[in-house]
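> Just a sequence and a predicted model for now, questions to come.
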Amino acid sequence: MNWRILPTMSLALIAGLACCLLSGCKGRQADAAAEAPPPAQVEREQDGGAFKVDHPEQFTLATAGSYEAAPELNVTGSVAPDVSRAIPVISIASGRVVEIRARLGDTVSKGQILMRIQSADIAEAFSDYRQAVADETLARTQLERSKLLYEHGAASLNDYQVAQDTEAKAQVTVETTAEHLRVLGADTNHPASIIDVRAPVSGVITDQQVTNAAGVQGLSGPNPFTISDLTHVWVLCDVYENDLAFVRLGEFADIRLAAYPDLRLRGRIGNIGPVLDPNLRTAKVRLEVENPGMLRLGMFATATFYGVKKVVHTTVPASAVLHLHDRDWVYVPVEGGRFRRLEVVVGQMVVRASHAGPPGLVQSTPARGSNETQEIISGLRPGQQVVANALMLDATVEQ
């Protein structure tokens, strides 16, 4: 046997075994690929939010309209008194209150007695007045006597002139003391230590700092009453720095009250605060409003300011909007007689203002009805079609 041939045979045998192993592996891989399932194919629906109803022709369609209006800015505020119409009631005389005839919140008229004060100042002023009257009477008598003596040569011209000067000074003293009594509120024809404090103007008592039997310190103490004329009031609003472009002096704003949501008033912008609040970055804006009678101080209000440039707004019939789960929806038709529910953001009802009635009063907003138009802020474009009665279609879908 030739041992040199053995290495060659061994190499050939090893190569053959390797080929067999590789062929077996490829065969197994081919069988596994053949047995695997085919890849999944996902079929997507054209409009997953659309649904179909029976007899879609029974639902009337409406075309979304449009109208031009200025952009709006809504801010909050409160009713405040017009400080130029708030008149303090003062008492020059000091003393003790013996009677109060008006209370906080009362409506009073000019000249009405508000309270009565017993004052030592009045008693002293009357004493000075009566002494001045007596001195003036004596001076006038002496002047007449001096004049008579001077005309008969029994008195000198100097004595006559001194008598004239004395009588003139006495008359000035009488006038001064009488004016002092009038300033204190007393009547020279009715001497008494009790003085009546009267209302200087007509209006409503919005502040009271005195009670019965309390002491009044005159000008050095607080004002006993404050009377405000509420026929015209202010609505003070806070406007952020970035929104001040909406606010212009002399322009008008619409005002709505939380107490009367259907009532709309108009107020003129009388002042824009020159200093911003450093914490809130807001400016105080003052609206001057004529009070139709129901405004109360401190009432919460919402003011609407309007921009200069008009923008296009989308409108639909009010019945086309469905309020569901704190959101607003409309139904729009799609292909194949189907409908799709579309979420929208609504604005206010489009109502034509009527300026009939008291000045500053705009016609109240009526309740929502089928003939009214609803503004759509976003979610719908003019020209799109919607179901005119969304509630009717929604009831059909639920069934």
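On my side now, so go ahead. Numbering: from 1, shown residues only.
> Secondary structure element holding residue 270?
Using DSSP states H and E, residue 270 sits within strand 264-272.
> quick one: strands adjacent to that strand?
strand 252-257 (antiparallel), strand 282-290 (antiparallel), strand 361-362 (antiparallel) (DSSP bridges).
> Run through the strands of the stretch 251-399 of the chain in chain order.
In the stretch 251-399 of the chain, the strands defined using DSSP state E, counting those that start in this stretch lie at 252-257, 264-272, 282-290, 300-306, 311-317, 322-324, 327-334, 338-350, 361-362, 373-378, 385-387.
> which of the residues in the second one are buried?
Spelled out, it's strand 264-272. Buried residues in strand 264-272, counted by 16 or more other C-beta atoms under 10 Å: 264, 265, 266, 267, 269. Backbone N, C-alpha and C define where each C-beta goes, glycine included.
> quick one: it to strand 300-306, angle?
Angle of strand 264-272 versus strand 300-306, following axes from the mean of the first three to the mean of the last three C-alpha atoms, to 10 degrees, is 80 degrees.
> same question, the third one
For strand 282-290 against strand 300-306, the angle by the same axes, to 10 degrees is 100 degrees.
> now strand 282-290: how far from the chain's centre is it?
Counting by C-alpha atoms, centre = their mean, to the nearest Å, strand 282-290 is centred 8 Å from the centre of its parent chain.
> Equivalent analysis for the second one, please.
In terms of C-alpha atoms, centre = their mean, the gap separating the centre of strand 264-272 from the centre of its chain is 10 Å.
> Then stretch 92-105?
35 Å.
> if we look at that stretch, which residues are touching it?
The contact list for stretch 92-105 (C-beta atoms under 8 Å, 6 or more residues apart in numbering) reads 108, 112-122, 183-185, 194-195, 199, 204-208, 210-221, 225.
> Do a quick rundown of the helices in the stretch 151-300 of the chain.
157-184 (DSSP state H, counting those that start in this stretch).
> so where's the stretch 1-150 of the chain shaky on pLDDT?
1-49 (pLDDT under 70).
> Repeat the analysis, applying 50 as the threshold.
1-9, 11, 21-22, 25-27, 30, 33, 40-47 (pLDDT under 50).
> Could you export the strands of the stretch 251-399 of the chain as CSV, including distance to residue 189 and mean pLDDT?
Formatted as CSV, the strands of the stretch 251-399 of the chain follow (distance: least, C-beta to C-beta, whole Å; pLDDT from 0 to 100):
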stretch, distance to residue 189, mean pLDDT
strand 252-257, 51, 95
strand 264-272, 46, 95
strand 282-290, 42, 96
strand 300-306, 51, 94
strand 311-317, 72, 88
strand 322-324, 74, 89
strand 327-334, 75, 91
strand 338-350, 65, 86
strand 361-362, 48, 42
strand 373-378, 70, 88
strand 385-387, 82, 91
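> re earlier: can you list the buried residues of strand 264-272 in a markdown table and add distance to residue 390?
Below are those laid out as a markdown table (distance: C-beta to C-beta, whole Å):
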| residue | distance to residue 390 |
| --- | --- |
| 264 | 27 |
| 265 | 33 |
| 266 | 33 |
| 267 | 36 |
| 269 | 39 |
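> Give the bridge partners for residue 252, please.
Residue 252 forms beta bridges with residue 268, as assigned by DSSP bridges.
> Roughly how far does it sit from residue 311?
19 Å (C-beta to C-beta, to the nearest Å).
> Compare the two and say which is more crowded by neighbours.
residue 252 (15 against 10; other C-beta atoms under 10 Å).
> for that one, what are its contacts?
Applying C-beta under 8 Å, 6+ apart to residue 252 gives the contacts 266, 267, 268, 269.
> Please render those as a markdown table that adds distance to residue 127 to the earlier fields.
Shown next, in a markdown table, are these (distance: C-beta to C-beta, whole Å):
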| residue | distance to residue 127 |
| --- | --- |
| 266 | 58 |
| 267 | 54 |
| 268 | 54 |
| 269 | 56 |
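> still on that earlier bit, narrow the contacts of stretch 92-105 to those in strands?
Judged by DSSP state E, the contacts of stretch 92-105 include 108, 113-118, 194-195, 204-208, 215-216, 225 as members of strands.
> Pull out the buried members of these.
Buried among the ones in strands among the contacts of stretch 92-105 by 16+ other C-beta under 10 Å: 108, 114-118, 194-195, 204-208, 216, 225.
> and residue 140, what does it touch?
With C-beta under 8 Å, 6+ apart, residue 140 has these contacts: 167, 170.
> That one: what secondary structure?
helix (DSSP: H, G, I helix; E, B strand; the rest coil).
> separation between the closest residue to residue 208 other than its chain neighbours and residue 209?
Once flanking residues are discounted, residue 208 sits nearest to residue 104: 4.2 Å by C-beta to C-beta, 6 or more residues apart in numbering. Distance from residue 104 to residue 209, counting by C-beta to C-beta: 10 Å.
> I appreciate the help and will end here.
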